[in-house]
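Colleague: Any chance you could fold what I've pasted below:
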Amino acid sequence: MLLTTIKDLRGLSNDALIAQLNELTLDGSIERRKIASTGVASKTSKARAMRRTRAQILTLLNQRGVKL
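Modeller: Presented below is the predicted three-dimensional model:
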């Protein structure tokens, strides 16, 4: 679920956002390990989209006053 818009994210509940945040964090760590082991970034646009979506989710949760 990488290509989500902020409008789509605003429609999700806090629990769904936290679950998606955990999934993106796990996927991001896997991608970083792949880059570190091979030395080559295969899909930099995917990594950038994951970081952007993760930042958007964190911003929404902070605006809603959810403590992580």
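
Colleague: Can you tell me the centre-most residue of the chain?
Modeller: R54 (2.9 Å; CA atoms, centre = their mean).

Colleague: Please report how far that residue lies from G39.
Modeller: From R54 across to G39, the span is 24 Å (CB to CB, to the nearest Å). C-betas here are computed from N, CA, C, even on glycine.

Colleague: Equivalent analysis for R51, please.
Modeller: For R51, the distance to G39 under the criterion CB to CB works out to 20 Å.

Colleague: Assign a three-state SS to T59, would you?
Modeller: For T59, the assignment made with DSSP: H, G, I helix; E, B strand; the rest coil gives helix.

Colleague: who touches stretch 55-62?
Modeller: Identification of contacts with stretch 55-62 by CB atoms under 8 Å, 6 or more residues apart in numbering yields I6, L9, R10, N14, L17, I18, Q20, L21, L24, L68.

Colleague: Show me the longest helix that occurs in this structure.
Modeller: Using DSSP state H to assign secondary structure, the helix with the most residues in the chain is helix 14-38.

Colleague: what mean pLDDT would you report for that helix?
Modeller: Across helix 14-38, pLDDT averages out at 89.

Colleague: Which positions in it come out as buried?
Modeller: L17, Q20, L21, L24, G28, E31 (16 or more other CB atoms under 10 Å).

Colleague: Can you tell me the element the closest residue to the fifth one other than its chain neighbours falls in?
Modeller: Of all residues not flanking G28 in the chain, M50 sits nearest, at 5.2 Å (CB to CB, 6 or more residues apart in numbering). Under the assignment given by DSSP states H and E, the secondary-structure element containing M50 is helix 44-64.

Colleague: Okay, buried residues for that helix please.
Modeller: So, applying 16+ other CB under 10 Å, buried residues of helix 44-64: A47, M50, T53, R54, Q56, I57, L60, L61.

Colleague: for that helix, what is the average pLDDT?
Modeller: Summarised as a single mean, pLDDT over helix 44-64 is 90.

Colleague: Tell me which residues touch the residue lying closest to R64 once chain neighbours are set aside, please.
Modeller: The shortest distance from R64 to any residue other than its chain neighbours is 6.4 Å, reached at N14 (CB to CB, 6+ apart). With contact set as CB under 8 Å, 6+ apart, N14 has these partners: L61, R64, V66.
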